[in-house]
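S.K.: Provided below for reference: sequence and predicted model.
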Protein chains: 2
Amino acid sequence: MSRLTRDDIVVGAGRRFATYGYHGTSMRDLGEDLGILGSSIYSHIGGKQELLVAVVERGAAFFEEAASTVLAIEAPPEEQMRGLIAGHIGVLLDQRPEARTYLTQVDCLDKDEAERINKMRDEYEGAFYSTIVAGIDEGVFREDCDPRLAAIYVLSILNALERWYDEQGRLSRSEIVEDMYRFVIGALT
Amino acid sequence: MSRLTRDDIVVGAGRRFATYGYHGTSMRDLGEDLGILGSSIYSHIGGKQELLVAVVERGAAFFEEAASTVLAIEAPPEEQMRGLIAGHIGVLLDQRPEARTYLTQVDCLDKDEAERINKMRDEYEGAFYSTIVAGIDEGVFREDCDPRLAAIYVLSILNALERWYDEQGRLSRSEIVEDMYRFVIGALT
DNA sequence: GGTAGACAAACGAACGTTCGTTTGGTACGG
DNA sequence: CCGTACCAAACGAACGTTCGTTTGTCTACC
C-alpha cells in the first residue's frame, strides 16, 4: 500500500459519508478505511467539514457536467429529456458515494456552504425545467402541467433510485433508463 | 410548565431527529427542547435507540393507517390512487417530524429493527402496487409499464415533497395533491 | 554515484469537549 | 406517604483536533 493523496482521502470520505452519514463517521473510522490513523488525515485536509465540502462539490460537479454535455447537443425536448435522465442515472450509479452524499448530507454543511450548494442544485434543476418548458412551447408536451413541479417530480423519481437500486438485481441500467423515460414522457404528453 | 409524559419525549425527539438527524441529536439537546436535563429523559425511556424506534414506528403507523382507510372503500383504481396520494401527502404534512424521521433515519436503527421497519414499508408500498395492478387488469391503466417500478416512482414523487414543500409557499395542499395526481395518472394511462 | 537536505506523509500520544448513560437524592402530586 | 418526574453530579468512552516526532522519498550537489 503506497502513500495517499488528498484525493484518496476525499474518495474514502465519500464512501463513509454515503454509508453512515456525516455525523455517523468519525475521523478514526475514516482513517481505518484508508489504512492510516485518524490523526494522519490532517496532513491532507484542514478538518472534517472541509472533507464534506470536497465530497459534496465533487458530487455536484458530476451532475453538472452530465447535464451540460446533454444540453450542448441540439435535440428535440423528448430526446433531451432522455439524455438528462440517462445522464443523471449514470452519475447516480457510477459515482454513487459522491452522488449519495451530495443528495443526503447537504444539511450537515454549515450555512454558507449549504447555500452555495443549493444554488448549484437549483441550476441543475433548471436544465430539467427548461427542457420541459421547451417541450410545452413546441407543443410536444401537454400544457396543463406546472413545469416547475414537473421538473421536481422527475428529479424525485431519479434521485430515489439511489435508495433502491441493486447492482445484482434483475434490472439493467438501460432497462431502468428506458422505463423511467417512458413513465416521464407518459406524464408529460 | 407541567411534567412530561413518555409521549411528550417521543414527540420532541421526532422534531429533533427530523431536523438534525439521529446522530446529530444529543440527549442534552433534546432535553433542552423539552425544558429538562438530558439525563432526566431516562426517567421515561431506556435509551436513545429506543427513542428512534418509537418515533419511526409512529411514522410508519400514520402511513399504514392512511392507506388502510383508503383501501377499505371500494373504488375504481384511479380514485383509489387519488386517495393514496392525498393520504400520503396528508401524513407527510400533518405528521412531518415523524414522517421525515421515518423516511430518512431508518438506517440509524440497528439491524433487527431496520429489517422490521423495512418490511412495514414494503407492505405499504404494496398498497400502491396493487392499485396499479388493478388498474392494468381493468384496462384503465396502460399495460406497457412495470407496476413494481411504477409504484416506486409514485412513492418517490410523494416522499420528496417533504424536502421542498413550504408551508408559506404559493401552493396549497390540495393544489399539490391535484397536480401530483394528474402527473401520475398521465404516466399510468 | 553516493550523500545530505528538504519535504510531505504518517505515527502516537494527548488535548479539551461532548457523548450516552448511571447513580443517588429531592420535591411534589395522587 | 408512596411513587415518580426531575435534578445534580459523575462515569467511561468517543469525539475532532493538535502536537512533536519519525519515516520514506525525491532532489541537488559534491
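M.R.: Cool, got the structure.
S.K.: touching chain B at all, the helix ranked longest in chain A?
M.R.: If you go by DSSP state H, chain A has its longest helix at helix A:111-137. No - Helix A:111-137 lies out of reach of chain B by CB under 8 Å from any CB of the partner chain, never closer than 10.0 Å. To be clear about C-beta, it is placed using only N, CA and C from the backbone, and glycine gets the same treatment.
S.K.: quick one: contacts for the most centrally placed residue in chain A?
M.R.: For chain A, A:Ala99 is the residue whose C-alpha lies nearest the centre (CA atoms, centre = their mean; 3.8 Å). Residues in contact with A:Ala99 (CB atoms under 8 Å, 6 or more residues apart in numbering or on different chains) are A:Gly59, A:Phe62, A:Phe63, A:Val91, A:Leu92, A:Glu162.
S.K.: re earlier: after the longest helix of chain A, next one along is what?
M.R.: Sequence order places helix A:147-164 as the next helix or strand after helix A:111-137, per DSSP states H and E.
S.K.: give me the angle between the host helix or strand of the residue nearest to the centre of chain A and helix A:147-164.
M.R.: Per DSSP H and E: A:Ala99 is located in helix A:96-104. Interaxial angle, helix A:96-104 versus helix A:147-164 (axes from the mean of the first three to the mean of the last three CA atoms, to 10 degrees): 130 degrees.
S.K.: pLDDT of helix A:96-104, averaged?
M.R.: Regarding helix A:96-104, the rounded mean pLDDT is 97.
S.K.: okay, buried residues for stretch A:65-80 please.
M.R.: Within stretch A:65-80, the residues scored as buried using 16 or more other CB atoms under 10 Å in any protein chain shown are A:Ala66, A:Ala67, A:Val70, A:Leu71, A:Pro77, A:Glu78, A:Gln80.
S.K.: from those residues, pick the one nearest A:Ile9.
M.R.: Using CB to CB, A:Ala66 is the member of the buried residues of stretch A:65-80 that sits closest to A:Ile9, with 24.6 Å.
S.K.: so where does A:Leu92 fall, helix or strand?
M.R.: Applying DSSP H and E, one finds A:Leu92 within helix A:77-94.
S.K.: in terms of secondary structure, what does that helix contact?
M.R.: helix A:48-72, helix A:111-137, helix A:147-164, helix A:173-188 (3 or more CB pairs under 8 Å, 6 or more residues apart in numbering or on different chains; DSSP states H and E).
S.K.: low-confidence ranges, chain A, go.
M.R.: A:1-2 (pLDDT under 70).
S.K.: go with 90
M.R.: A:1-6, A:32, A:35, A:37-40, A:43-44, A:110, A:167 (pLDDT under 90).
S.K.: residue numbers of it in contact with DNA strand C?
M.R.: Neighbours of DNA strand C within chain A, by CB under 7 Å from any atom of the strand: A:Arg3, A:Leu4, A:Thr5, A:Arg6, A:Gly31, A:Gly35, A:Ile36, A:Leu37, A:Ser39, A:Ser40, A:Ser43, A:His44.
S.K.: which members of these occur in helices, if any?
M.R.: Those of these lying in helices (DSSP H): A:Arg6, A:Gly31.
S.K.: dump the residue contacts of the closest residue to A:Leu158 other than its chain neighbours.
M.R.: Nearest residue to A:Leu158 in three dimensions, chain neighbours excluded: A:His88, at 4.8 Å (CB to CB, 6 or more residues apart in numbering or on different chains). Contact analysis of A:His88 by CB under 8 Å, 6+ apart lists A:Phe63, A:Ala66, A:Ala67, A:Leu155, A:Leu158.
S.K.: go on, A:Gly186?
M.R.: Applying CB under 8 Å, 6+ apart, the residues near A:Gly186 are B:Arg142, B:Cys145, B:Gly186, B:Ala187, B:Leu188, B:Thr189.
S.K.: now, of those, which are buried?
M.R.: The buried subset of the contacts of A:Gly186 - by 16+ other CB under 10 Å - is B:Cys145, B:Gly186, B:Ala187, B:Leu188.
S.K.: need the max-distance pair from those residues.
M.R.: Farthest pair in the buried ones among the contacts of A:Gly186, by CB to CB: B:Cys145 and B:Gly186, 12.1 Å.
S.K.: what about A:Tyr22, neighbour count?
M.R.: 24 (other CB atoms under 10 Å in any protein chain shown).
S.K.: ok, it touching A:Val106?
M.R.: No - A:Tyr22 is beyond contact range of A:Val106, at 9.8 Å (criterion: CB atoms under 8 Å).
S.K.: what's the burial count for A:Asp179?
M.R.: 18.
S.K.: what do you get for A:Arg3?
M.R.: A:Arg3, neighbours per other CB under 10 Å, totals 7.
S.K.: related to what we said a few turns ago, which one of the residues of chain A next to DNA strand C is nearest to chain B?
M.R.: Nearest to chain B among the residues of chain A next to DNA strand C, counting by CB to the nearest CB, is A:Gly31 at 18.5 Å.
S.K.: which ones are touching the closest one?
M.R.: A:Leu37, A:Gly38, A:Ser39, A:Ser40, A:Ile41.
S.K.: are any of those residues buried, and which?
M.R.: A:Ile41.
S.K.: out of the contacts of A:Gly31, which comes closest to A:Val55?
M.R.: Nearest to A:Val55 among the contacts of A:Gly31: A:Ile41, at 13.3 Å, using CB to CB.
S.K.: that closest one reaches A:Met27, doesn't it?
M.R.: Yes - using CB under 8 Å, A:Ile41 is in contact with A:Met27, at 5.7 Å.
S.K.: helix or strand: which one has the residue nearest to A:Ala54 when sequence neighbours are not counted?
M.R.: Closest residue to A:Ala54 apart from its sequence neighbours, by CB to CB, 6+ apart: A:Val10 at 4.6 Å. Applying DSSP H and E as the criterion places A:Val10 in helix A:6-20.
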